[in-house]
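> what would the 3D arrangement of this be:
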Amino acid sequence: MSEGERPLVAWSDEQLAVIDKPAGLLVHRAPGNPEQSLVEELGGLLGGGDDPGRPGIVHRLDRDTSGLLVVARTAEAHRALSAMIAERSVKRQYSALVEGCPSSRTGTVDAPLGRDHRSPERVVVGGRRPRAAVTHFEVVERLPRESLLEVRLETGRTHQIRAHLQAIGNPVVGDPQYGSGRRYGLERQFLHSALLAFEHPFGGGPLEFRSELPPDLATALEAARRR
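Numbering: from 1, shown residues only. As a prediction, this is how the structure comes out:
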């Protein structure tokens, strides 16, 4: 996370909040990792759940993925939002710049993901203790050497988008674990949670939020277009 960048509360009420997370910020601390996280940054805004280290957290973004996520402020909201995530009734859409271009304009990757036996910090199709994982994509723009995709999660496994796109031969640009690493000045993967939409769990009607590409990704996209 760059100096001065902090998570933005895009919207909130008494039950829940929608946060725009900068890249470089963990959602919650991992065991043995003392880094500041979204949980500490938001402090008393969060609530609910059985894990005192993860109050209010119902889904996550990778440390170096930016954009929108919804958090709970109460125990009731945590239960309701967790159920909605499990029922796949929360729309989570990402912008991803990938190497090459998928063979079809739209597609679905339905392939279980598990921990890589050789590198347990990575996930791979199959792997150890695989769990069902489904990712949908659409090509938004074809560039000289890359493609801009709109990606929608049906499930939410660790590194799901990154691993699935690598598996079909189109890894995310700038991804140090699943792609070719730095390109266009990027210091992280080109992956941004751009849209979040769901029905308010307590009768507040439909909610939809959008987040524009942050400056580092917007600059990289323009560079890719000019290539």
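> quick check: bridge partners of Val18?
Assessed by DSSP bridges, Val18 has beta-bridge partners Trp11, Val70.
> so it sits right up against Ala10, yeah?
Yes: at 4.6 Å, Val18 counts as touching Ala10 under the criterion of CB atoms under 8 Å. (Each C-beta comes from the backbone N, C-alpha and C, glycine too.)
> between those two, which is the more surrounded one?
Legend: neighbour count by other CB atoms under 10 Å for Val18 and Ala10, higher for Val18 (20 against 16).
> show me what contacts that one?
Counting by CB atoms under 8 Å, 6 or more residues apart in numbering, Val18 touches 9-12, 68-71, 196, 207, 209.
> just the buried residues of those.
Neighbour-count burial within the contacts of Val18 applies to 10, 68-71, 196, 207, 209; the criterion is 16 or more other CB atoms under 10 Å.
> returning to what we had before: hey, what's in contact with both of Val18 and Ala10?
Listed as contacting both Val18 and Ala10 by CB under 8 Å, 6+ apart are 68, 209.
> hmm, back to that, what would the buried ones among the contacts of Val18 look like in CSV with distance to Ile168 and pLDDT?
Formatted as CSV, these follow (distance: CB to CB, whole Å; pLDDT from 0 to 100):
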residue, distance to Ile168, pLDDT
Ala10, 31, 97
Leu68, 25, 98
Leu69, 25, 98
Val70, 28, 98
Val71, 31, 98
Leu196, 25, 98
Leu207, 32, 98
Phe209, 28, 98
